[in-house]
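Trainee: Sharing a sequence plus its predicted fold:
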Amino acid sequence: MPSERILITGLSTYWGGRLAQALEGDPSVDAIIGVDNEEPSVELERTEYVKVGTQHALLRRIVEAAEIDTVVDTRLVTDSATTSPRKAHENNVIGTMNILAACTGEGSAVRKVIFKSSTHFYGSEQDDPAFFDESMGRPHPPRTPIERDILEAEASVAEFADRSPGVSVTVLRFANVLGPAVRTSHIDLFSLPAVPMILGFDPRYQFVHEDDVVHALEHTIQRQRPGVYNVAADGVLGLTEVAGLLGKPYVPILPPWGTSIAAAVARRLGMAIPPEMLAQLRFGRGVDNRRNKAAGFEYGYTSREAVLALAEHLRLHPLLRSSAEPYRYEREVEEFLRWSPNVRNGSRRAAVADRQDLGAGPPVDHYDDLRPDEIVSLISSLEPQALRALREYEDGHHARAAVIGAIDSAISRSQRGVAKGGGAPL
Amino acid sequence: MRAPHPARIAGMADSPRTPLSLREQPVPEGAPAPGLPARQQDDLRRYLPGVEPERELTDWGRSERVEGLMDRTLIEFYYRYWFRTEVEGIENVPATGGALLVSNHSGALPPDAPMIGKAIREEHPRPRPLNITVEHFFKGYPGFSMLLPKIGCVAAHPANVHRLLYDEGQLVLVFPEGRKGTEKLYKDRYRLRRFGRGGFVEAAMRARTPIVPVCVVGAEEAQPVFAQLKLLKKLTGLIYTPLTPAFPHLGPLGMLAYLPAKFKLRFLEPIHFEEEGMHADKGLVQTTAHEVRARIQEGLFDMVSKRQSVWFG
């Protein structure tokens, strides 16, 4: 069953926003509703934003009222440096519980639930296999609060899947995300002038590029693929190799014993090393991504390419930092643009509708006021695409033979030009 | 499928246990994630990641550069000049596909594994890299954790062995005696310890790859262990602290000091497992493990009995 009415939780997170943007371009998606307790951080055209509390207690009413058929949960906090443990727990465990509760019940229209999880699920331990696959549980109990939260959240998703056989439940476990737009503790670590390591350890790291994260979510929305999938790019890199790709030296400054004390000191100095990262810096982690590939997903980046993309961004970042104005959500403006009957042009929504229903306006300003000889003199300066649009418009509105003939000859001239190798019309 | 090899274990087919053909499909290893419908494990081998030639390490963390450096210097020296290694039956190591090499194990810092790897690189018509399984312990130990994966060691986890054998079709070396082998004293030399719980046989059967038993003579004399120092073990937190001719009184590097015993390696005929689902039969697994152990033991006694000198062979 295709997904037409989609609810995205965690709209203000990077993933929620990116996913909503991607879905807006898909004409088969009827409605996109995003909920979060913070305002969206990216510009959205037709997604509706509803502010809800951290616990998502009232979500059920939204789901029922909007007849949501697909719920995408992008809200899981997997980096304990971003928020306090208590808030993370509230969000990860209680929030997940409430979201799942909103999808159950008599006559619920929800047919698909997609849950964004993390490979922190598996932890990092001394006796780990080199590649975790989806059927392996966590070999040891969780060590950090965030890992405990992830396990609890996944347990409630699994329980939900058990209880609701009619709903297709997909859990996507993402490896460490890299990319120019996203911010994680690992990216902060790699942004330092040198990559800190634990003395005597070269952990194995697997990454996934931010675009692949969004594509994987989209891929899952478009298809029926219940189950658990690891989403991690091909290739497991050693941390020394990562440092090499970033063009930075690596410094084994963290001692192998008493590492957590050293990390606490580093935290005081402004170097964010959350506890779950510490285990990874020691033992690393690799996962088996083949099941996701077998489900038809194709990765755009390998781990190595994701690191290289980040390296490029880190070099360019200091130059670009101040130039772009960050997007700010203004409730009144957004609502005016979406719903006011006075909005005609300029509204992105109206523009989308125009393009779909009425066809384009005149391709040249004041075209209807121009005389045929003026048009003919103007034709030679136009690009082939504009010519074709003009031809169509002239055909539909005035249908003057002289003008059409002139346009046709210009089009054929430009085509000959292309065939010869030159692109410019005359 | 290959034709049954003549070296297939005698008595395996006519054992009183249920015939293999009557056995049903094996249940996949590992409990599926609770509640979520586990996808039927179709053959995922074709989805293995491709090789990126620009990489320095493999996905297992192996480094051609570090390995090559070790191979040309330290291992070359020990193999050629110090131990003067002699090799028999190298043709029993298959030229393609996965195979599980099973060997006896001894020495405080065992020299047998690198010598077997070197023998395959040197003597085999088609040299192949060897993956050596090591204790998880080493992954937690600074320095070792960094070095061992680079020279081709992987943690002895059933999932690792299966991936190497079945998915990637590589050579894997295991020491079923494990720590019991390296802890054993000089007076017990060439007497094999218990072979674990037969996990190695299970791995080979599950991957349907042959087992190649390997006998190593010389390692016991190269680093004889006279005693285990329990107090030092407690103090240092090492997994074992043997008393050898050079350790602990000459310091940690004493672990690398070997006596120049003559090394002899013998690769025995491979044992093939072609049927599917053999690993589900624990009895068969145990029988096969005993058989492999008996063959290695027999080979060792044969080699030792023909040896005229510990140092000159």
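Mentor: Sure thing, it's come through.
Trainee: mind checking the SS state of the residue in the stretch 151-300 of chain B that chain A sits nearest to?
Mentor: Chain A sits closest to residue B:159 of the stretch 151-300 of chain B, with a gap of 3.8 Å, by Cβ to the nearest Cβ. Quick note: C-beta positions are derived from backbone N, CA and C, even for glycine. Under DSSP: H, G, I helix; E, B strand; the rest coil, residue B:159 falls in the helix class.
Trainee: ok, it - contacts?
Mentor: Listed by Cβ atoms under 8 Å, 6 or more residues apart in numbering or on different chains, the contact set of residue B:159 reads A:129, A:130, A:131, A:133, A:136, B:29.
Trainee: State the distance from it to residue A:299.
Mentor: Distance of residue B:159 to residue A:299, computed by Cβ to Cβ, to the nearest Å: 22 Å.
Trainee: Report how many residues lie close to residue A:320.
Mentor: Residue A:320 has 10 neighbouring residues, counting by other Cβ atoms under 10 Å in any protein chain shown.
Trainee: And residue A:401, by the same measure?
Mentor: The number of residues packed near residue A:401 is 9, by other Cβ under 10 Å.
Trainee: distance of residue A:137 from residue A:128?
Mentor: With Cβ to Cβ as the criterion, residue A:137 and residue A:128 are 12 Å apart.
Trainee: more neighbours, those two?
Mentor: Per other Cβ under 10 Å, whichever of residue A:137 and residue A:128 has more neighbours is residue A:128, with 25 against 14.
Trainee: From residue A:204, how far off is the more buried one?
Mentor: For residue A:128, the distance to residue A:204 - Cβ to Cβ - is 10 Å.
Trainee: what residues are shared contacts of these two?
Mentor: Shared contacts of residue A:128 and residue A:204, counting by Cβ under 8 Å, 6+ apart, come down to residue A:285.
Trainee: can you pull the pLDDT of whichever residue of chain B sits closest to chain A?
Mentor: Closest contact between chain B and chain A, by Cβ to the nearest Cβ, is at residue B:142 (2.6 Å). Note on residue B:142: pLDDT of 90.
Trainee: residues touching it, list them.
Mentor: A:198, A:199, A:200, A:201, A:256.
Trainee: Assess the claim that the fourth one and residue B:146 are in contact.
Mentor: Yes. Using Cβ atoms under 8 Å as the test, residue A:201 is close enough to residue B:146 to be in contact (5.9 Å).
Trainee: So for the two, which residues contact both of them?
Mentor: By Cβ under 8 Å, 6+ apart, residue A:201 and residue B:146 have no common neighbours.
Trainee: Pull up the per-residue confidence for residue B:137.
Mentor: 83.
Trainee: wouldn't it be in contact with residue B:239 here?
Mentor: Yes. With contact defined as Cβ under 8 Å, residue B:137 counts as touching residue B:239 (5.2 Å).
Trainee: coming back round to it: from the contacts of residue B:159, list the buried ones, please.
Mentor: Restricting the contacts of residue B:159 to buried positions leaves A:129, A:130, A:131, A:133, A:136, with burial counted as 16 or more other Cβ atoms under 10 Å in any protein chain shown.
Trainee: burial measure for residue A:264, as a count.
Mentor: For residue A:264, using other Cβ under 10 Å, the count is 12.
Trainee: can you check residue B:295 too?
Mentor: Neighbours of residue B:295 (other Cβ under 10 Å): 19.
Trainee: now the one 10 residues further on
Mentor: Neighbouring residues of residue B:305 were enumerated by other Cβ under 10 Å; the total is 7.
Trainee: how close does it get to residue B:184?
Mentor: 20 Å.
Trainee: Same question for residue B:215.
Mentor: Taking Cβ to Cβ, one finds residue B:215 at 16 Å from residue B:184.
Trainee: how distant is the helix or strand hosting residue B:162 from the center of its chain?
Mentor: Assigned by DSSP states H and E, residue B:162 belongs to helix B:158-162. Centroid separation for helix B:158-162 versus its chain: 13 Å, with Cα atoms, centre = their mean, to the nearest Å.
Trainee: what's downstream of it, the next helix or strand?
Mentor: strand B:171-174.
Trainee: And that next one, what's buried?
Mentor: Neighbour count says strand B:171-174 has B:171, B:172, B:173, B:174 buried, by 16+ other Cβ under 10 Å.
Trainee: Quick check: the farthest pair among those?
Mentor: The largest separation in these, counting by Cβ to Cβ, is between B:171 and B:174 at 10.8 Å.
Trainee: tell me, what's touching these two both at once?
Mentor: residue B:101.
Trainee: re the thing from before, so the residue of the stretch 151-300 of chain B closest to chain A versus residue A:319, what's the distance?
Mentor: With the distance defined as Cβ to Cβ, residue B:159 ends up 46 Å from residue A:319.
Trainee: Could you check which helix or strand contains residue 96?
Mentor: Going with chain A. Short version: residue A:96 belongs to helix A:96-103, going by DSSP H and E.
Trainee: Spell out whether that helix and chain B are in contact.
Mentor: No. Helix A:96-103 stays clear of chain B (Cβ under 8 Å from any Cβ of the partner chain), getting no nearer than 11.9 Å.
Trainee: can you check stretch A:153-172 too?
Mentor: Yes. Stretch A:153-172 comes into contact with chain B (Cβ under 8 Å from any Cβ), by way of A:154, A:155, A:157, A:158, A:159, A:160, A:161, A:162, A:169, A:171.
Trainee: What are the buried residues along that stretch?
Mentor: Result for stretch A:153-172 [16+ other Cβ under 10 Å]: buried residues A:153-154, A:156-158, A:160-161, A:164, A:167-172.
Trainee: same check, this time on stretch B:182-194
Mentor: B:182, B:183, B:184, B:186, B:189, B:190, B:192, B:193.
Trainee: Can you tell me which of those end up in helices?
Mentor: When DSSP state H defines the helices, the subset of those inside them is B:182, B:183.
Trainee: Is it possible to get a markdown table of the buried residues of stretch B:182-194 that adds pLDDT and distance to residue A:213?
Mentor: Output for the buried residues of stretch B:182-194, formatted as a markdown table (pLDDT from 0 to 100; distance: Cβ to Cβ, whole Å):
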| residue | pLDDT | distance to residue A:213 |
| --- | --- | --- |
| B:182 | 80 | 45 |
| B:183 | 82 | 48 |
| B:184 | 85 | 52 |
| B:186 | 87 | 58 |
| B:189 | 88 | 57 |
| B:190 | 89 | 56 |
| B:192 | 89 | 51 |
| B:193 | 87 | 49 |
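Trainee: That concludes my questions; thank you for your assistance.
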